[in-house]
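K.L.:
what follows is a predicted structure for the sequence shown.
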Amino acid sequence: MHRSTYVLGLIVIGFFAVKVLRFQTLGYTFNDMYAFLQMSRSWIDDRPFMYENIWGYHHRIHNYYTVLLWGPLCRAFGAYGLFAVQSILLAVGFGVANERLIRRTTPNWARYMLLIIILLGPVSFWLNDHPNIGWHTELTYLPLGLLFSLALLSRNTWATMAAGMAIVLVKEDGAVLAALIHLSYRGMRYVRKHPKRPLYTWLSQQQFWLVAVGWVIVFLTGMVWLGIKNNFAEPRLQLALALLETNINDADFWRLMLKQTGESLLLLLPVAGLLCVFVWQQRESLATSLFIIWSIGIVTLTLLNFVQSVHYYEQPLFYLVALTWPPRFVLVWAFSAAFLTLVAGIYARQFRPLSGRWARLTSVGLLVVQVPILYLARPDFPSPRDWVHTLKGRYASDKDTTLLQADDLAIVQCLADKLPHHANVFAFDYLVPFFHRQYGIWPTGKHYKPADIALIPIHDKQGLALRLPMQKPYRIIRLRAYNLYVSAGYEQVARSCLP
């Protein structure tokens, strides 16, 4: 392996360490990651298939099948298992991309700009950090999309099928991402073979329709399967379209949606910048064709994200879960990363030299511009002050320190260490990460079993005690800031953790 591949591995190890630090300083307290932890291992713990305590039977909502592969790791290591999965996939994706581009004699400046600006830059870091949540299965689209594009470049049928299948099994919209990467690859090869022909003549080729129709069939099969699992109840897509129809004449709706769309496109500025550099340095004029292919992919995925976002329009935090939400935006970023990788691979020998000075200046510019764009588009991206707190091992500045007293946290950590993996815990937001190896419960009424342990603030502003999912008899033990509710079967464990 090239020494730069080892450097990439060290960088990913550093990223894993940051994820662990973010988790331990309560940077990931929102519920989604914990739902994935539960659905990934429910089949191991003799619970219903892909059942979790927030929304219930999650396999009826999405085709989240790759998460099942991570179940053993999640059962053993909790959230750290998910961080390990993400880090391993990123290391493999980045490392293989680096090695394959070296073998294809892609110029060093093009390879390093792709790695530094797109794969290791601030936007990519933000996506994989996923502020407040920490992990979503869609984040694996980035490394899997890279591996799919590299398999296509190598013309390895089995590797292509495996990578394509993996993308499809991440979620139902994975078929759209795989289709666009595959069509981009075919389109680039057509342009390279017939540089004088207009791009639209590609549509007359049988191969185009075989690829396009094939992926449409895969996508529709996934949607039909999702409907079968849900007994053909009203799907999220239909609900989103109904909301779109309801708000079609609402100026506020369009103002917010267009703002989100604009911010999503703004986050792609470094991609557009690097693509400009790539086509500018080509010996043949390919700019129009390549930009058209990339733009078609971006427009398609943006429309898909637009419709999916509408489903959440009436929620209070809609602006955080719309088009720029990491599990949605990763579609366009993964496609763009794969697209640039294909450009760097297919046209490797057509690049003209680029001076080191211009390569460095361009790289710095496309890196630096990502930071203000992130803060503009994502209000949940941690502030510099919060990053300092994280690196010092402190909790974020928005956390109420009265609910994080050392005596209480020592007891909470002891409980988390001693409770068995199948225990059910109903805990206040700040304490949820401590019990990532157990089955957390949220006040949604979807818990599979009642709580064995509950930790609720004495000053219960959320009214959690009124929705306590615990069967009597239970004992209440008063801590400094929390009431500890303990079922009869776990009283001895709780007592052993008290001072």
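P.N.:
All right, it came through fine.
K.L.:
measure Trp43 to Tyr65 for me?
P.N.:
11 Å (Cβ to Cβ, to the nearest Å). All C-beta spots, glycine's among them, are computed from the backbone N, C-alpha and C.
K.L.:
so between the two, which is more surrounded?
P.N.:
Tyr65 (19 against 14; other Cβ atoms under 10 Å).
K.L.:
ok, the more buried one - contacts?
P.N.:
169-170 (Cβ atoms under 8 Å, 6 or more residues apart in numbering).
K.L.:
now do it, the pLDDT please.
P.N.:
pLDDT recorded at Tyr65 is 97.
K.L.:
Gln260 and Gln86: what is the separation?
P.N.:
Using Cβ to Cβ, Gln260 is found at 25 Å from Gln86.
K.L.:
Leu177 now?
P.N.:
Computed as Cβ to Cβ, the Leu177 to Gln86 distance reads 17 Å.
K.L.:
which phi and psi does the residue nearest in space to the middle of the chain have?
P.N.:
Residue closest to the average C-alpha location in the chain (Cα atoms, centre = their mean): Leu139, at 2.6 Å. For Leu139, the backbone dihedrals (degrees, to the nearest 10) come out as phi -60, psi -20.
K.L.:
just to check, it is in contact with Trp126?
P.N.:
No - here Leu139 does not reach Trp126: they are 11.0 Å apart, not a contact under Cβ atoms under 8 Å.
K.L.:
shared neighbours, these two?
P.N.:
Shared contacts of Leu139 and Trp126, defined by Cβ under 8 Å, 6+ apart, comprise Pro326.
K.L.:
can you list the weak-confidence ranges in this structure?
P.N.:
Applying pLDDT under 70 to the chain flags residues 232-237, 283.
K.L.:
distance check, the nearest residue to Glu314 once chain neighbours are set aside against Gln308.
P.N.:
Leaving aside its chain neighbours, Glu314 sits nearest to Leu243 (7.2 Å; criterion: Cβ to Cβ, 6 or more residues apart in numbering). Going from Leu243 to Gln308 by Cβ to Cβ gives 11 Å.
K.L.:
which one of these two has more residues nearby?
P.N.:
Gln308 (20 against 17).
K.L.:
sorry, back to before: so Leu177 and Gln86 - more neighbours on which side?
P.N.:
A direct count of neighbours by other Cβ under 10 Å for Leu177 and Gln86 places Leu177 higher, at 30 against 25.
K.L.:
toward the C-terminus, what is the element adjacent to whatever helix or strand the more buried one lives in?
P.N.:
If you go by DSSP states H and E, Leu177 is part of helix 174-193. The helix or strand immediately downstream of helix 174-193 is helix 206-229, counting by DSSP H and E.
K.L.:
what residues sit buried inside that following helix?
P.N.:
Judged by neighbour count (16 or more other Cβ atoms under 10 Å), helix 206-229 contains these buried residues: 211, 215, 218-219, 222, 226, 229.
K.L.:
kindly report the same for stretch 239-256.
P.N.:
Quick answer for stretch 239-256 (16+ other Cβ under 10 Å): 240, 243-244, 247, 253, 256.
K.L.:
helices - which of these land there?
P.N.:
240, 243-244, 253, 256 (DSSP state H).
K.L.:
now tabulate those in JSON lines and tack on distance to Ile292.
P.N.:
Shown next, in JSON lines, are those (distance: Cβ to Cβ, whole Å):
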{"residue": "Ala240", "distance to Ile292": "28"}
{"residue": "Leu243", "distance to Ile292": "32"}
{"residue": "Leu244", "distance to Ile292": "27"}
{"residue": "Phe253", "distance to Ile292": "30"}
{"residue": "Leu256", "distance to Ile292": "29"}
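K.L.:
how does this structure divide into domains?
P.N.:
Structural domains annotated on the chain: 107-387, 401-497, as defined by automatic domain parsing.
K.L.:
and the host helix or strand of Ala338, what's buried?
P.N.:
If you go by DSSP H and E, Ala338 is part of helix 326-346. By neighbour count with 16+ other Cβ under 10 Å, helix 326-346 contains the buried residues 326-346.
K.L.:
got the angle between that helix and helix 174-193?
P.N.:
Counting by axes from the mean of the first three to the mean of the last three Cα atoms, to 10 degrees, helix 326-346 lies at 20 degrees to helix 174-193.
K.L.:
how far does helix 326-346 sit from its chain's centre?
P.N.:
Helix 326-346 sits 14 Å away from the centroid of its parent chain (Cα atoms, centre = their mean, to the nearest Å).
K.L.:
hmm, back to that, tell me which of the domains of the chain sits nearest to Met33.
P.N.:
Judged by Cβ to Cβ, the one of the domains of the chain that comes nearest to Met33 is domain 107-387, at 4.5 Å.
K.L.:
and the domains of the chain: which comes nearest Phe36?
P.N.:
Nearest to Phe36 among these is domain 107-387 (6.1 Å), distances taken as Cβ to Cβ.
K.L.:
show me the contacts for the residue nearest to Phe278 when sequence neighbours are not counted.
P.N.:
For Phe278, ignoring the flanking residues on the chain, the nearest one in space by Cβ to Cβ, 6+ apart is Val343 at 5.3 Å. Neighbouring residues of Val343 by Cβ under 8 Å, 6+ apart: 188, 275, 278-279, 290.
K.L.:
could you dump the residues you listed into CSV with distance to Asp460 and secondary structure added?
P.N.:
Converted to CSV, these look like this (distance: Cβ to Cβ, whole Å; DSSP: H, G, I helix; E, B strand; the rest coil):
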residue, distance to Asp460, secondary structure
Met188, 59, helix
Leu275, 53, helix
Phe278, 57, helix
Val279, 59, helix
Leu290, 58, helix
